[in-house]
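Starting from these lines, generate the structure:
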Amino acid sequence: MIRLSVNLNKVALIRNGRGSDYPNLVKVATDCERFGAQGITIHPRPDERHARYADVAALREVCTTELNIEGYPGERFMQVVLASRPDQVTLVPDEPGQLTSDHGWDTVGKAEYLRGIIGRLKDAGIRTSIFVDPDEKMLDGALDVGTDRIEFYTGPFAHNYQADAAAAMAPFTHASAFARDLGLGINAGHDLNLDNLTYFAARMPGLQEVSIGHALVTDSLYFGMGNTIQMYLRCLHNASKA
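Numbering: from 1, shown residues only. All right, here's what the predicted structure looks like:
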């Protein structure tokens, strides 16, 4: 079964909008796990416009499934994750102030940098994943820098899904098989939703985990968080049977 990790950045954004602690991110995270989520993800950025660095330690205390912290590995980020030791750290090549993640790492050009960062995380016993595009060269580079997993940036698939689902899917299916053959663990995320998730997951050999936030939190406005999480889990269940 492909695991569902719920990204709570949009919940944190709502919290921050009123300068209070409502909704409380810890409460939402524990409820998501109770509703069936198999992991919790946050992505604190330097301006802390949604998830905050302090949220990492707070969530580490309560999460009973898997805590995944995404982010650009600046020194403050590294200090926070090394102190809290989440189950997984996903390295994302975001520039400061970037609205959202929109590309994978250049694992060849940044090999020395990534190798050093991943080494520090591994020494702390933290599983590492790095954001990548579906490119064989970048996957070879990911293996070379020592990451445990890769997370495919799925924005291009989601953007082109309605126009031509098969064409949008093809590079990801190929890259997933290639990554699996390399022995890399495979995660995916960005703009996956109730419309495209089953189609995507059913065609990704070796896919272990998806991280979904914006669409899932938006759907929960209509369906409720508990029901929405179950809907996403059904998508993954249906993909596993396809």
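
only C-alpha atoms for contact and neighbour calcs from this point on.
Noted.

ok, which stretches of the protein are helices?
9-17, 25-34, 53-62, 75-84, 111-123, 136-145, 155-160, 165-182, 197-202, 214-223, 225-241 (DSSP state H).

Need the ones you listed in a markdown table (columns: mean pLDDT, distance to residue 43 and mean neighbour count).
What follows is the helices of the chain, written out as a markdown table (pLDDT from 0 to 100; distance: least, Cα to Cα, whole Å; neighbours: other Cα atoms under 10 Å):
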| stretch | mean pLDDT | distance to residue 43 | mean neighbour count |
| --- | --- | --- | --- |
| helix 9-17 | 97 | 7 | 19 |
| helix 25-34 | 98 | 13 | 18 |
| helix 53-62 | 98 | 9 | 16 |
| helix 75-84 | 97 | 10 | 16 |
| helix 111-123 | 98 | 17 | 16 |
| helix 136-145 | 98 | 21 | 19 |
| helix 155-160 | 97 | 17 | 18 |
| helix 165-182 | 98 | 23 | 18 |
| helix 197-202 | 98 | 21 | 22 |
| helix 214-223 | 98 | 12 | 16 |
| helix 225-241 | 97 | 19 | 18 |
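
export these to TSV and tack on distance to residue 104?
Formatted as TSV, those follow (distance: least, Cα to Cα, whole Å):
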stretch	distance to residue 104
helix 9-17	19
helix 25-34	27
helix 53-62	23
helix 75-84	18
helix 111-123	13
helix 136-145	9
helix 155-160	11
helix 165-182	13
helix 197-202	18
helix 214-223	19
helix 225-241	24
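
Select, out of those, the one closest to residue 191.
helix 155-160 (5.8 Å; Cα to Cα).

rewinding a little: quick one: which of the helices of the chain is nearest residue 105?
helix 136-145 (7.7 Å).

how much does the closest one deviate in direction from helix 111-123?
50 degrees (axes from the mean of the first three to the mean of the last three Cα atoms, to 10 degrees).

ok, back up a step: tell me which of the helices of the chain lies nearest to residue 2.
helix 225-241 (6.2 Å).

Alpha carbons only: can I get the closest one in PDB?
The C-alpha trace of helix 225-241 is given here as PDB (Å, rounded to 0.1, in the frame of the first residue of the first chain):
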ATOM      1  CA  MET A 225     -10.800  16.300   7.000                       C
ATOM      2  CA  GLY A 226     -11.600  12.800   8.200                       C
ATOM      3  CA  ASN A 227     -13.700  12.000   5.100                       C
ATOM      4  CA  THR A 228     -11.200  13.600   2.800                       C
ATOM      5  CA  ILE A 229      -8.300  11.600   4.100                       C
ATOM      6  CA  GLN A 230     -10.400   8.400   3.600                       C
ATOM      7  CA  MET A 231     -11.100   9.500   0.000                       C
ATOM      8  CA  TYR A 232      -7.400   9.900  -0.700                       C
ATOM      9  CA  LEU A 233      -6.600   6.600   0.900                       C
ATOM     10  CA  ARG A 234      -9.300   5.000  -1.400                       C
ATOM     11  CA  CYS A 235      -7.500   6.500  -4.400                       C
ATOM     12  CA  LEU A 236      -4.300   4.800  -3.300                       C
ATOM     13  CA  HIS A 237      -6.000   1.600  -2.600                       C
ATOM     14  CA  ASN A 238      -7.600   1.600  -6.000                       C
ATOM     15  CA  ALA A 239      -4.200   2.300  -7.600                       C
ATOM     16  CA  SER A 240      -2.700  -0.700  -5.800                       C
ATOM     17  CA  LYS A 241      -5.300  -3.000  -7.400                       C
END
